[in-house]
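1. The following comprises the amino acid sequence and a computationally predicted model.
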2 protein chains.
Amino acid sequence: MNVTEDRRISRTKEAIRQALVSLIQEKGVDALSVKDITTRANINRGTFYLHYKDKFDLLDQTLNEITHDLEKITWEMNALSSDKLLNTTMLSAASVRLFKYFDANAPLMKVLLSIKGTNSLQNAIKDIMWRNIFEQDKTTHIKKENLLVPEEYLISYIISAHIGVIQEWLEKKFRETPEEMADILINLSFRGPLYAIGLKP
Amino acid sequence: MNVTEDRRISRTKEAIRQALVSLIQEKGVDALSVKDITTRANINRGTFYLHYKDKFDLLDQTLNEITHDLEKITWEMNALSSDKLLNTTMLSAASVRLFKYFDANAPLMKVLLSIKGTNSLQNAIKDIMWRNIFEQDKTTHIKKENLLVPEEYLISYIISAHIGVIQEWLEKKFRETPEEMADILINLSFRGPLYAIGLKP
DNA sequence: AAAAATAATCAACACGATGTCAATTAACTA
DNA sequence: TAGTTAATTGACATCGTGTTGATTATTTTT
């Protein structure tokens, strides 16, 4: 078996990806046809179907690639952390790295983040965050018997809050730097939104 | 000018609404055609176009009606509150009322909540919550100069968190009661997620 | 460098959904 | 009951879809 992909395939897929991104920015993901994509990508419409079943399959595969990227990043960041402690410095560094990735792929991330369902980026991020923040061999350990509310709602609350902030950021024309965003997110998470408001001392 | 709508129109729109809801549950909103809807609604396809421009227009108008309902509910709840104080009892009652509405319209709410963009239910809820929680003539007043993080991120964080919990709830087969959900949400909001985890004393 | 393998192109096809229209029928309102 | 308005019907052109078989072009292998 051969590991290297045929160059023609790489080129085609790359062209499709670029067309997808640019067209999403222009007309959104709903009003977007296979024909649009292939025309923009300068490839035959039939070629598209050699690689993807339909538009949704393309989005699915794209989602998988992005998810893989994100997992790789968090994995690498974890490897960097010498001690098994969950400290703010490490978290901040990881956040910056992720925000940079989001920034570089903003148009795609916007669309993928807005898709719900079992096989969504939201869920993928949910899994990644859960693994990296709560299920690690670190000092902070959550005891389920201590939970005041059902686990799933706690997760949804925290993850949705974070994704909401990221989405707000992605929609901006002039975005804060990844470093600033990491600060903001850590502030909100650790001091809490009520503190950030100024209600809690 | 006549205020009462022609009965035929009411019937047609009602049939379309019902067809929309049932079909959304079966095949989702993406794989859903005007033909599907009109067939299920037992009306002529042409009739659909007498009332809506296309599928998205139908979703838009539906969104507007839902938004209107929600605004009416919060308005009524506010009127009930005799004093101008923002107390937990009132908040809880309002939450219960809203959760009941979500419950009764679950299939539709699921879809509408998953739609992003300027004209989305997410944004409508954002506006409503903002008006009702932060901008009222009550004791709690937020001073923008006290904010630790930019206002928009704070809003996104809080609103997204709440919507995330609601969505998690809507996806369940056997849902907690509106009363239980109101408790959960108030617990998360006022004591904070970290407290709910058991990390904060 | 030639041969073998495989990807991309092209043209054509049937199919289904879309949006519109004019003429007709049916139902509602006043 | 008369007048108004909504719904139906059948038809139409248009567009995107997904597939196919034959052909060309490019890449990989030997």
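-> Received the coordinates, thanks.

2. Give the burial count for residue A:88, as a bare number.
-> By other Cβ atoms under 10 Å in any protein chain shown, the residues close to residue A:88 number 9. For every residue, glycine as well, the C-beta is placed using N, CA and C.

3. wait, it sits on residue A:186?
-> Yes: in this structure, residue A:88 is within contact of residue A:186 by Cβ atoms under 8 Å, at 6.6 Å.

4. SS state for residue A:30?
-> Classification of residue A:30 by DSSP: H, G, I helix; E, B strand; the rest coil places it in coil.

5. and the nearest residue to it once chain neighbours are set aside, how far is that from residue A:106?
-> Using Cβ to Cβ, 6 or more residues apart in numbering or on different chains and skipping the chain neighbours, the partner closest in space to residue A:30 is residue B:56 (7.2 Å). Separation of residue B:56 from residue A:106 (Cβ to Cβ, to the nearest Å): 24 Å.

6. How about residue A:7?
-> Residue A:7 sits 28 Å away from residue A:106, going by Cβ to Cβ.

7. And for residue A:96?
-> 16 Å.

8. which helices and strands does the longest helix anywhere in chain A pack with?
-> Across chain A, the longest stretch assigned as helix under DSSP state H is helix A:55-80. On a contact count with 3 or more Cβ pairs under 8 Å, 6 or more residues apart in numbering or on different chains; DSSP states H and E, helix A:55-80 meets helix A:7-27, helix A:34-41, helix A:88-104, helix A:106-114, helix A:121-129.

9. so does that helix get close to DNA strand C?
-> No: under the criterion of Cβ under 7 Å from any atom of the strand, DNA strand C is not reached by helix A:55-80; the shortest gap measures 13.9 Å.

10. ok, and for that helix, which residues are buried?
-> A:55, A:58-59, A:61-63, A:66-67, A:70, A:73-74, A:77 (16 or more other Cβ atoms under 10 Å in any protein chain shown).

11. How about stretch A:89-97?
-> Buried, per 16+ other Cβ under 10 Å, within stretch A:89-97: A:90-91, A:93-97.

12. Out of these, flag the one nearest to residue A:191.
-> Residue A:191 lies nearest to residue A:91 out of those, by Cβ to Cβ, at 13.7 Å.

13. Surely that closest one touches residue A:186?
-> Yes: contact criterion Cβ under 8 Å: residue A:91 and residue A:186 qualify, at 6.5 Å.

14. If you count contacts, what does the helix or strand residue A:156 falls within end up packed against?
-> Taking DSSP states H and E as the criterion, residue A:156 maps to helix A:151-171. Here helix A:151-171 touches helix A:88-104, helix A:106-114, helix A:121-129, helix A:178-186, helix B:151-171, helix B:193-197, going by 3+ Cβ pairs under 8 Å, 6+ apart.

15. Ok, which of the ones you listed comes nearest DNA strand C?
-> Each of these has some distance to DNA strand C by Cβ to the nearest atom of the strand; the shortest is helix A:106-114, at 21.0 Å.
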